[in-house]
Every structure is written in C-alpha cells, then in structure tokens.
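# Give me a model of this one.
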Amino acid sequence: MSETARSRETGDDPGTGLPQRRTGHAFAHPPHRSDGRPPQTPRGARQPDPGGRPGTIPPVPGRPATHLVLLLLALTGLALTTWQVLVSGPLLAPDESLSRALVRTVPDAVTERLADLGNIQVAVPVLALAMAYSVRRSRAWAPALTAGLAMALVPALIVPLKEWTARPGPLEPWAAGYYPSGHTATAAVAYLGAALLVRPYARRPWPLPLALALTAATACGLILRGFHWPLDVLASCFLCVPLLLAVRRATGRGPGRDPGQPPE
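This is a model prediction of the structure:
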C-alpha cells in the first residue's frame, strides 16, 4: 500500500512529471502592445511567405536586368549610328568637326603607338594568354571558348558593315571602309575579354580598369592620328557590348575560383 500511495503522489506531483503543453488563452493569441503597434521583436514584425516560413526577404532584382538594358542600349546606338552614316544624317557634321579639331593635336609618334594597341598581333595574344590561364585555373573550357568565339566574330561583323557603309576616312577621303573601327573592336574584345577571364582569380580589382584604359588609349590614338572618325570608334564600342556580355555570362557560370580563393 505504501508503494501505491507513493506512486499516486508522484503522478499527482506537477513538479516531477513531464512538462505538459498549455493551451490557455495566453498561448492562443500572439502578444499585443497597448498602443496597437506590432511587438518590438523582429519575429513579430516579419510577414510569412506563402509557405508559412517567417522572415522571408523579398526578391532583389539581379544582374540579368542590367545586362538586358545594356544590350538594348548598345543595339539601339549601333543602329542609330549606322543609319546616320548610310543617309549622311545630321550626326556626321559634328562628328567631322570634332575630328578636324582633334587630328594631329598630339605627335604622330605617340598616337600611332596607341593605335597599334588594336593590332591583331598585339591584342589577340593577350586574350590567348588569358584563355589559357582561365582553363588552367578553373578547369572549365566554356569561358575561354566563349571569349575566343567573341574575338572570331569581330571581323565577321566588322567587315560586312565596312563594305555596306563605305565611309571615307578623315585623312583619306578617296578611300572607303572606315566605319566601324576594327582596331577599336579588336582592342575591346581582346583586353576586356581577357580581364573578364582573369578577374575571378585576381586578389585586387585591377583587370577591368587596366583593360578599359588600354581600350580607351586605342580609341584615342585612332581618333587623334586621323585613322578613324569618332563615330567609327563609338559604333565599335556599341558592337562589342553583346560580345562582352556573352563572355561575362560564361565566366559567371563556370567554377570561376579555387576552393581557397577569397570572395570578391
């Protein structure tokens, strides 16, 4: 009988039994403030998502939207400049005036060296080295092959436009085929494409600024020396945007970095 009484006392003792779930009024409703505002805790202020999980962060617009805007602007700019060259539109007058004001303002020895940065013999080896480095570091071929394809498309796009527009040059009005600038396109795709391939493995963000500087130096050399009108150079920049966006997309899909590489 003593054991029976002891077992009853143990079962009736709320302090020694298992905790019981309380379903009183205090647990049926969340706490409210007296002034009607939501509670101060972050959990109380968050709204659940459709799946019922609290604290869902709303979606943030990503880079594809920015890339789409750049693509549309570049294609629009290329179409506009090409149309102006074909119909001898009003944009050609300020373009020619600017060229006459700039040509030969810098010694030819300097501007020719800058223009030579867009030569195939100079720019393409830089891209080839970056392609080999990217394959070696990432063990993926897609980014390097995309950059190589972009460079191969440069003459395939530039040459038909030159033959179609047949624009004469600033210092050679009897010649034709100056629009758009092939040297500018070669420099942009080679140097910027190489920078996109190397950037994931650089500890400092130097590849893109250096590539932009080399491309800008090439463009300035071509204009100052009188090899191209400013509009020729601008059209080549527009043409290169879709090619470089494809390289940027390819470099973002691959492994892109060594396991021990710190994030950007």
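# Can you pull the poorly scored residue ranges out of the stretch 51-200 of the chain?
51-63 (pLDDT under 70).
# Can you show me the helices along it?
Per DSSP state H, counting those that start in this stretch, the stretch 51-200 of the chain carries helices over the ranges 63-87, 92-102, 108-115, 120-138, 142-165, 182-187, 193-198.
# burial measure for Pro200, as a count.
Using other Cβ atoms under 10 Å, Pro200 has 20 other residues around it. Just so you know, the C-beta spots here come from the backbone N, C-alpha and C atoms, and that holds for glycine as well.
# quick one on the thing from earlier: looking at the helices of the stretch 51-200 of the chain, spot the one closest to Arg225.
Closest to Arg225 of the helices of the stretch 51-200 of the chain is helix 108-115 (Cβ to Cβ; 3.9 Å).
# Could you list every helix and strand in contact with the closest one?
Counting contacts by 3 or more Cβ pairs under 8 Å, 6 or more residues apart in numbering; DSSP states H and E, helix 108-115 is packed against helix 207-225.
# so what does the helix it packs on touch, helix or strand wise?
helix 92-102, helix 108-115, helix 182-187, helix 193-198, helix 230-253.
# what about 6 Å?
If contacts are counted by 3 or more Cβ pairs under 6 Å, 6 or more residues apart in numbering; DSSP states H and E, helix 207-225 sits against helix 108-115, helix 182-187, helix 193-198.
# Would you mind giving those helices as TSV with mean neighbour count and distance to Leu210 added?
As requested, the helices and strands packed on helix 207-225 are exported to TSV (neighbours: other Cβ atoms under 10 Å; distance: least, Cβ to Cβ, whole Å):
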stretch	mean neighbour count	distance to Leu210
helix 108-115	16	15
helix 182-187	27	12
helix 193-198	27	7
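# mind listing what the residue positioned nearest the centre of the chain touches?
Among the residues of the chain, the one closest to the centroid is Arg248, at 5.6 Å (Cα atoms, centre = their mean). Contact analysis of Arg248 by Cβ atoms under 6 Å, 6 or more residues apart in numbering lists Leu196.
# Would you mind measuring the gap between the ends of stretch 112-119?
Counting by Cα to Cα, to the nearest Å, you get 11 Å between the two ends of stretch 112-119.
# now that stretch, how far from the centre of its chain.
In terms of Cα atoms, centre = their mean, to the nearest Å, the centre of stretch 112-119 is found 26 Å from the chain centre.
# go on, stretch 111-120?
Distance of stretch 111-120 from its chain centroid, counting by Cα atoms, centre = their mean, is 26 Å.
# Next, the residue nearest to Val103 when sequence neighbours are not counted: phi, psi?
Leaving aside its chain neighbours, Val103 sits nearest to Gly226 (4.2 Å; criterion: Cβ to Cβ, 6 or more residues apart in numbering). Phi and psi for Gly226, reported as degrees, to the nearest 10, are phi 90, psi 20.
# what's the burial count for Gly226?
When counting by other Cβ under 10 Å, one arrives at 19 neighbours for Gly226.
# Adding distance to Ala175, write the helices of the stretch 51-200 of the chain out as CSV.
Output for the helices of the stretch 51-200 of the chain, formatted as CSV (distance: least, Cβ to Cβ, whole Å):
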stretch, distance to Ala175
helix 63-87, 15
helix 92-102, 15
helix 108-115, 16
helix 120-138, 20
helix 142-165, 11
helix 182-187, 14
helix 193-198, 30
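# Go ahead and confirm Val247 touches Leu196.
Yes: shown here, Val247 and Leu196 form a contact pair, counting by Cβ atoms under 6 Å, at 5.1 Å.
# and stretch 220-230, how far out from the chain's middle?
With Cα atoms, centre = their mean as the basis, stretch 220-230 stands 27 Å off its chain's centre.
# gap between the residue nearest to Val103 and Gly177?
Counting by Cβ to Cβ, to the nearest Å, the gap from Gly226 to Gly177 is 15 Å.
# Check Ser97 too.
22 Å.
# Can you tell me the element His228 falls in?
His228 belongs to no helix or strand when assigned by DSSP states H and E.
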